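**Student:** have a look at this prediction, sequence included:
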Amino acid sequence: MDLLIADIHLCPTRPAITEAFLGFLSEQAGEAETLYILGDLFEYWAGDDDLADPFNQTICSALSALGRRGTRVAVMHGNRDFLLGEAFARASGSTLLADPSQVSLGGVPTLLSHGDALCTDDEAYQTFRQEVRSPDWKTRFLLRPLAERKAMIEALRRQSEVAKQEKSAEIMDANETAVLESMRSAGCQRIIHGHTHRPGAHHFDLEGKPAERWVVPDWRDRAVWLRHDGAKLSFCSAPL
């Protein structure tokens with residue numbers, strides 16, 4: 001059995017979500033062979049030199065404990081925590097996944113993605129994404145003092161929330177053509193992603209064959225995960 005989650009947005013100011021996540025790790029996730037975290041585990045990540053923060057230590061310790069109990073933890077970068085690095089991976093006992101990555105679920109090739117790269121109608125965001133994901137930008141940003149980085153991230157978050165108010169929901173959703181092109185390029189008939197906060201299971205034809213797109217929700221209202229029992233996928237949930 002494998003479990004997939006996304007968009008937990010952990011931070012100290014959301015204690016109910018943190019408590020639910022730690023409970024999920026100690027209970028449901030312990031039954032899985034692999035836990036895939038498809039981005040935005042954290043509300044933001046300013047750099048691996050923030051691992052000494054007590055909140056971050058708590059999360060990394062819980063992930064590491066899950067790994068010691070036999071569940072492999074695979075973490076993908078999201079748009080909020082794309083600065084997660086190898087030091088985080090070591091501290092949490094996890095493996096960092098490229099976006100996108102192809103895995104086998106029940107013998108079915110499955111494309112995993114955070115999902116923000118699929119939102120190609122939002123051209124302003126894609127320009128920003130390309131800039132901040134560049135090695136040069138990340139190197140220069142991480143050379144700044146940690147406190148300065150956190151202040152810059154907070155300012156960017158405020159700007160992002162204002163910008164969202166001026167965009168339609170459709171623009172911020174995954175573009176159908178981008179989804180199909182990604183699946184064709186990977187040779188997969190199944191894709192699973194998060195980011196859009198618009199959960200669902202979409203079934204369609206691709207190259208004359210049945211295909212599916214599963215969108216994993218955030219944990220704003222409930223703790224929700226996608227479960228693959230070896231044969232099929234299904235959503236599971238628990239109250240926060």
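**Tutor:** Cool, the structure landed.
**Student:** tell me the contacts of the residue lying closest to Arg220 once chain neighbours are set aside?
**Tutor:** Of all residues beyond its chain neighbours, the one nearest Arg220 is His197 (7.4 Å), with distances taken as Cβ to Cβ, 6 or more residues apart in numbering. Using the backbone N, CA and C atoms, a C-beta is placed for each residue, glycine as well. His197 sits next to 7, 217-218, 220 when contact means Cβ atoms under 8 Å, 6 or more residues apart in numbering.
**Student:** center of this structure - which residue?
**Tutor:** Gly39 (1.5 Å; Cα atoms, centre = their mean).
**Student:** what's the spacing between that residue and Met76?
**Tutor:** The spacing between Gly39 and Met76, counted by Cβ to Cβ, to the nearest Å, is 5 Å.
**Student:** shared neighbours of these two, anything?
**Tutor:** 99, 114.
**Student:** picking that back up, ok, now how distant is the residue nearest to Arg220 from Ala238?
**Tutor:** 18 Å.
**Student:** and if you look at Arg157?
**Tutor:** In terms of Cβ to Cβ, Arg157 sits 28 Å off from Ala238.
**Student:** same check, this time on Ser134
**Tutor:** Counting by Cβ to Cβ - Ser134 and Ala238 are separated by 39 Å.
**Student:** after the worst-scoring helix or strand of the chain on mean pLDDT, which helix or strand is next?
**Tutor:** The weakest-scoring helix or strand in the chain, judged by mean pLDDT, DSSP states H and E, is helix 146-165 (a mean of 88). Moving toward the C-terminus from helix 146-165, the next helix or strand (DSSP states H and E) is helix 176-186.
**Student:** how about the residue nearest to Arg220, secondary structure?
**Tutor:** coil (DSSP: H, G, I helix; E, B strand; the rest coil).
**Student:** and what of the one 5 residues further on?
**Tutor:** Following three-state DSSP, His202 is assigned to strand.
**Student:** then Leu112?
**Tutor:** Going by three-state DSSP: Leu112 is strand.
**Student:** equivalent analysis for Trp45, please.
**Tutor:** coil.
**Student:** settle this for me: it is touching Val75, isn't it.
**Tutor:** No - when contacts are counted by Cβ atoms under 8 Å, Trp45 is not listed as touching Val75 (10.7 Å).
**Student:** please enumerate the shared neighbours of these two.
**Tutor:** Joint contacts of Trp45 and Val75 (Cβ under 8 Å, 6+ apart) are 84, 88.
**Student:** which residue is most remote from the mean position of the protein?
**Tutor:** Furthest out from the centre of the chain (Cα atoms, centre = their mean) sits Gly208, at 29.9 Å.
**Student:** how close does it get to Gln189?
**Tutor:** 11 Å.
**Student:** ranges for the helices of the protein?
**Tutor:** 15-26, 54-68, 86-92, 123-132, 135-142, 146-165, 176-186 (DSSP state H).
**Student:** Ala98 is nearest to which of those helices?
**Tutor:** helix 176-186 (11.8 Å; Cβ to Cβ).
**Student:** helices or strands up against that closest one?
**Tutor:** strand 108-113, strand 190-193, strand 200-206 (3 or more Cβ pairs under 8 Å, 6 or more residues apart in numbering; DSSP states H and E).
**Student:** contacts only, for Gly78.
**Tutor:** So Gly78 contacts 6-7, 38-41, 114, 116, 194-195 (Cβ under 8 Å, 6+ apart).
**Student:** re earlier: which of Ser134 and Ala238 has more neighbours?
**Tutor:** Comparing Ser134 with Ala238 by other Cβ atoms under 10 Å, the one with more neighbours is Ala238, at 14 against 11.
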